[in-house]
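A.B. asks: Below: sequence and its predicted model.
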Amino acid sequence: CSFLFFFYAKHVYLHKPYRSVLVNFIDVWFSLSIACLLVVCASLGLLTGFQLVLPESSIATTGRTDEDEVGPKVIFMTLIGSVIVPLAVIIYLIAAAIPCIARRLPALVRPTTWMEVEHQKRSVRQKLTTSVIRQSIHCMEWAIF
């Protein structure tokens with residue numbers, strides 16, 4: 001069953017069925033998290049499934065070891081990671097949607113608006129219209145550009 005989630009995550013990663021990159025990321029993250037949880041849970045069941053069942057008296061005398069607690073810790077950390085990362089992405093999307101907060105985000109993570117894109121296009125065109133470049137580009141190539 002975990003292979004289905006893994007292949008679904010691979011399909012979403014390669015084909016990107018959603019318009020937003022972050023929605024694709026969340027879908028891949030959840031699919032891989034579920035696949036990882038399934039593998040860890042299955043491996044814990046296989047490790048204890050082949051051991052002999054001990055009488056209750058021997059369990060009381062031996063106690064719990066550190067090895068018994070590794071599996072639940074791995075499952076818990078995987079579960080926490082599978083929830084916190086998409087939650088952070090959703091908080092970012094909400095913050096970016098509110099204009100007064102989006103302006104205060106660092107430039108590296110701030111979503112670009114269409115006005116900023118147009119300004120960047122204009123600045124690139126202005127840089128390209130220098131006399132040196134204009135002389136080196138053929139008139140037809142300049143018209144296509």
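C.D. replies: On my side now, so go ahead. Residues are numbered from 1 along each chain as shown.
A.B. asks: Could you tell me which helix of this structure is the longest one?
C.D. replies: Of all the segments of type helix in the chain, defined by DSSP state H, the longest one is helix 66-97.
A.B. asks: So which helix or strand of the chain has the lowest pLDDT on average?
C.D. replies: Between all helices and strands in the chain, the lowest mean by mean pLDDT, DSSP states H and E belongs to helix 56-62, at a mean of 50.
A.B. asks: Next secondary structure after the longest helix of the chain?
C.D. replies: helix 99-102 (DSSP states H and E).
A.B. asks: Let me see the residues that make contact with that next one.
C.D. replies: Residues lying outside helix 99-102 but in contact with it, judged by C-beta atoms under 8 Å, 6 or more residues apart in numbering, are 95, 96, 110, 111. Every C-beta, even on glycine, is put in place using the N, C-alpha and C of the backbone.
A.B. asks: State the three-state secondary structure for the last one.
C.D. replies: Okay, so that is residue 111. When classified by DSSP: H, G, I helix; E, B strand; the rest coil, residue 111 comes out as coil.
A.B. asks: Where does the residue nearest in space to the middle of the chain sit, in terms of helix or strand?
C.D. replies: With distances taken as C-alpha atoms, centre = their mean, the chain has residue 25 as the residue nearest its mean C-alpha position (3.9 Å). In the assignment (DSSP H and E), residue 25 maps to helix 21-49.
A.B. asks: Show me what counts as buried in the strand or helix carrying residue 124.
C.D. replies: Using DSSP H and E, the secondary-structure element containing residue 124 is helix 114-128. Buried residues in helix 114-128, counting neighbours by 16 or more other C-beta atoms under 10 Å, are absent.
A.B. asks: give me the low-pLDDT residue ranges for this protein?
C.D. replies: The model of the chain has pLDDT under 70 over residues 45-69, 128-145.
A.B. asks: one more time with 90, if that's ok
C.D. replies: In the predicted model of the chain, residues 1-3, 5, 16, 18-27, 29-145 satisfy pLDDT under 90.
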